[in-house]
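Trainee: Build me a model from this:
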Amino acid sequence: MCTGKCAKCIGCLLFPLGLLSIVSNILLFFPNGGVWRTEEITEKIWFFPGVIGGGLLMMMSMLMSVLGVAGALYCMIVSVVGLQDGPLCDTGDGTFIYPFFNQTAEESYLFNHTAWTECERPQNVVVWNVVLFSILLGVGTVEAMLLLAQVVNGLIGCLCGTCMNNNQQTQTA
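Mentor: Numbers count the residues shown, from 1 in each chain. Down below sits the predicted model:
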């Protein structure tokens, strides 16, 4: 595939992924579709992994692929931490805490669905966070791979030149 065609293909894939990342991050502010106070929302959302990392920085990648890779990696790292720490929720006493914070891999809430009932408010916040942070992690991973391919494609284009059609001829002096 020509370097030009490859860049166009990657650009067409990155745009909808960037939009999906931004929308996913925005939805994380509304656990289970509800409106909650700032202190009742998982703090990792405020790092804006989808808006900054998977969205804005990734879309700028069409001009600066390396910055896009950094954005995708940022999105991935914050999403992993968000999944690891779990959501901020009310466990029944009216106080919002991180009930799954500092769990080992063996006792992780991600593999123990019965532990999800610890979070009483917002309703279904564990599923909400797991699904949306997982989407951000997946989108960030795909974006990182596409952007790395775009960086390599750009380097090949710089070193070897772009493809030429059979109809195009170089002029010699």
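
Trainee: Which helix or strand contains the residue most central in space within the chain?
Mentor: Nearest to the geometric centre of the chain sits residue 136, at 3.2 Å (CA atoms, centre = their mean). Assigned by DSSP states H and E, residue 136 belongs to helix 125-160.

Trainee: Tell me which residues of that helix come out buried.
Mentor: 125-126, 128-130, 132-133, 135-140, 142-144, 146-147, 149-151, 153, 157 (16 or more other CB atoms under 10 Å). C-beta coordinates here come from the backbone N, C-alpha and C atoms, glycine included.

Trainee: for stretch 72-83, same thing?
Mentor: 72-76, 78-80, 82-83.

Trainee: Which one of these is nearest to residue 39?
Mentor: Nearest to residue 39 among the buried residues of stretch 72-83: residue 82, at 16.8 Å, using CB to CB.

Trainee: before we move on, the earlier item: if you skip the residues just before and after it, what's nearest to the residue nearest to the centre of the chain?
Mentor: Using CB to CB, 6 or more residues apart in numbering and skipping the chain neighbours, the partner closest in space to residue 136 is residue 79 (4.2 Å).

Trainee: Tell me how far the one you found lies from residue 123.
Mentor: Here residue 79 is placed at a distance of 22 Å from residue 123 (CB to CB, to the nearest Å).

Trainee: try residue 72
Mentor: 32 Å.

Trainee: give me every residue that touches residue 74.
Mentor: By CB atoms under 8 Å, 6 or more residues apart in numbering, residue 74 lies in contact with 49, 52-53, 57, 140.

Trainee: Residue 115 - how many residues pack around it?
Mentor: Counted with other CB atoms under 10 Å, the burial measure for residue 115 works out to 17 neighbours.

Trainee: And residue 52, by the same measure?
Mentor: 18.

Trainee: Can you check my assumption that it lies in a helix?
Mentor: Yes. Under DSSP: H, G, I helix; E, B strand; the rest coil, residue 52 falls within a helix.
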